[in-house]
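**Student:** heads up, no residue letters with this:
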Ligand SMILES: NC(=O)c1ccc[n+]([C@@H]2O[C@H](COP(=O)([O-])OP(=O)(O)OC[C@H]3O[C@@H](n4cnc5c(N)ncnc54)[C@H](O)[C@@H]3O)[C@@H](O)[C@H]2O)c1
């Protein structure tokens, strides 16, 4: 079993990665939380796939549990769903000793983490992420959240779990679309601060596409380790953690234009490439780095231009630029971009000439 200790002052915990990890979860619960019940939250898809496995392992150790399932999709990250779920959990008699588990992707993780941080003023929380995105990104860092009519993740808390259990084997049942949506974030880590990781990914494209378990395990471990370093330095996202938003100013604008009817990771794929393109135009990065990133994203079948994302949409440069000013990442009225001094060296940059930004966007429309 791979073990990644996360040390955050008073909040220390381990990320544990193993194929067929479910029996380890019950073992951990049994050893650490005697006489504590497990309250498991999942979604209706993951329930059919993995809940039985988890419950069987709890049964073996005679651990009592309750489980709750929500509909898959962003609608479950709403106040209404959070309220319903909180009422169900409280009605089932949860007390301060009990443990809340999230079994599922980032949606279940964000919602369950949020409730864990507020029910009875905070309960112990364990994550069992089952999508690539949640295994490499959302389960690390302690951000929880729900959406409001004003935007995604507008309400939430920073709340670290007691442990994260990752089974790479769960990715076998994931659709290719969902896998790729998570993979864009994997590439992002390489571009931010780990060139050799990016080059290794590029060398292993075939193995990645066929979900070679040892390659996937290494990817998950490297990404968690990488994200954890940022979280450790900047747990509440007031500084260096912002580098994790590489490509996201562009991506959020694109998602906004498509009424969020596109997988975030697909928009991130184009956002990463736009950031590399802008870095090249500003002479921070070479053209060959830009082309290398482009060819890698294309080789795994992630989109590399806006037409691939939506051929029907009439993309407009000015609207895409305007959307950027509505982003949470705008700082004192200035657009803030994460750029790269070549692959693996991201930095924050403000006050970029708007005409240059428009030129970048236009290149991704006119293909
Ligand atoms: N907290 C953070 O730091 C953070 C970071 C990034 C993203 N997020 C959030 O994560 C959410 C997206 O997460 P996601 O991409 O995991 O989406 P998701 O949770 O919606 O999962 C995607 C789909 O895959 C299904 N699924 C999950 N695991 C499966 C499996 N093993 N096999 C088959 N199907 C499976 C789900 O039922 C769902 O339909 C967004 O709400 C986003 O805001 C949070």
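**Tutor:** Nice, thanks for sending it over. Everything numeric here is computed off the predicted structure, so don't read it as measured data.

**Student:** now the helices for the stretch 251-367 of the chain?
**Tutor:** 264-281, 287-299, 306-309, 317-325, 354-365 (DSSP state H, counting those that start in this stretch).

**Student:** closest to residue 97 out of those helices?
**Tutor:** Distance to residue 97, taken as Cβ to Cβ, is lowest for helix 264-281 among the helices of the stretch 251-367 of the chain, at 36.0 Å. (Glycine included, C-beta is placed from N, CA and C.)

**Student:** name the helices or strands packed onto the closest one?
**Tutor:** Helix 264-281 is packed against helix 176-193, helix 248-257, helix 287-299, helix 306-309, strand 336-340, helix 354-365, with contacts defined by 3 or more Cβ pairs under 8 Å, 6 or more residues apart in numbering; DSSP states H and E.

**Student:** ok, back up a step: need the winner for burial among the helices of the stretch 251-367 of the chain.
**Tutor:** Highest mean neighbour count among the helices of the stretch 251-367 of the chain (mean count of other Cβ atoms under 10 Å): helix 264-281, with a mean of 26.

**Student:** Contacts only, for the residue lying closest to residue 148 once chain neighbours are set aside.
**Tutor:** Closest residue to residue 148 apart from its sequence neighbours, by Cβ to Cβ, 6 or more residues apart in numbering: residue 154 at 4.5 Å. Going by Cβ atoms under 8 Å, 6 or more residues apart in numbering, residue 154 touches 145, 146, 147, 148.

**Student:** Pull up the residues of this protein that are close to the ligand.
**Tutor:** With Cβ under 6 Å from any ligand atom as the criterion, the chain meets the ligand at residues 43, 45-46, 49, 72, 74, 77, 104-108, 110, 130-131, 133-134, 137-138, 141, 143, 152-153, 170, 173-174, 178, 181.

**Student:** isn't there a helix covering residue 25?
**Tutor:** Yes. Assigned with DSSP: H, G, I helix; E, B strand; the rest coil, residue 25 falls within a helix.

**Student:** Excluding sequence neighbours, find me the nearest residue to it.
**Tutor:** If the residues on either side of it in the chain are set aside, residue 25 comes closest to residue 165, at 5.1 Å by Cβ to Cβ, 6+ apart.

**Student:** Which strands or helices does the helix or strand containing that neighbour pack on?
**Tutor:** Following DSSP states H and E, one finds residue 165 within strand 163-166. Strand 163-166 is packed against strand 11-17, helix 22-32, strand 124-129, helix 213-233, with contacts defined by 3+ Cβ pairs under 8 Å, 6+ apart.
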